[in-house]
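S.K.: Quick one, what's the 3D model for this:
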Amino acid sequence: MTDELTLDEAQKAITAGMRAARSIDQPMNIAVVDSGGHLIAHVRMDGAIKASIDISIRKARTSILMNLPTSALAEATQPGAELYGLELTSGGMVTFGGGIPVVRNGVTVGAVGVSAGSVDQDVTVAEAVAAKLAKAPS
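M.R.: Now for the predicted structure:
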């Protein structure tokens, strides 16, 4: 058995995220990347803002590159803080909530990025996607 995320898993997890987004009545952009930050799957739900396509992918990439939820970077990247300017590196990182690493069997195997709602809504949907992906396939 491999710990790498598959397209099938990513699509099923995105479906779980779409259910979560519908339950809060907020269409979302949902991205899943592999352990190298490469896009596996993405969806823009009907009505989700187009600017959030790029943001969702960047949230997922930021999360895997930093091995942290993007929300953990918010305070440290404010003006005068230790990591101020981080968002300008690596092709543009996102330092607010909605990106979550996917850990399986103690190994970070990918990440999720969600955008188009409030930060809290993005995090809620990202958590649903990440929870589905964290379960190893049977």
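S.K.: Please work out the average pLDDT along stretch 9-28.
M.R.: Mean pLDDT, stretch 9-28: 98.
S.K.: Repeat that for stretch 71-87.
M.R.: 95.
S.K.: Give the buried residues for that stretch.
M.R.: Ser71, Leu73, Thr77, Leu86, Glu87 (16 or more other Cβ atoms under 10 Å). The way it works is simple: take the backbone N, C-alpha and C, and place the C-beta from them, glycine included.
S.K.: how about the chain, which residue sits the furthest from its center?
M.R.: Most distant residue from the mean C-alpha position of the chain: Gly80, 26.4 Å away (Cα atoms, centre = their mean).
S.K.: ok, what's across the strand from the most centrally placed residue in the chain?
M.R.: Centroid-nearest residue in the chain: Gly113, 1.8 Å away (criterion: Cα atoms, centre = their mean). Partner residues in beta bridges with Gly113, using DSSP bridges, are Ala31, Gly99.
S.K.: So which residues of the protein form strands?
M.R.: 29-34, 39-44, 99-104, 107-115 (DSSP state E).
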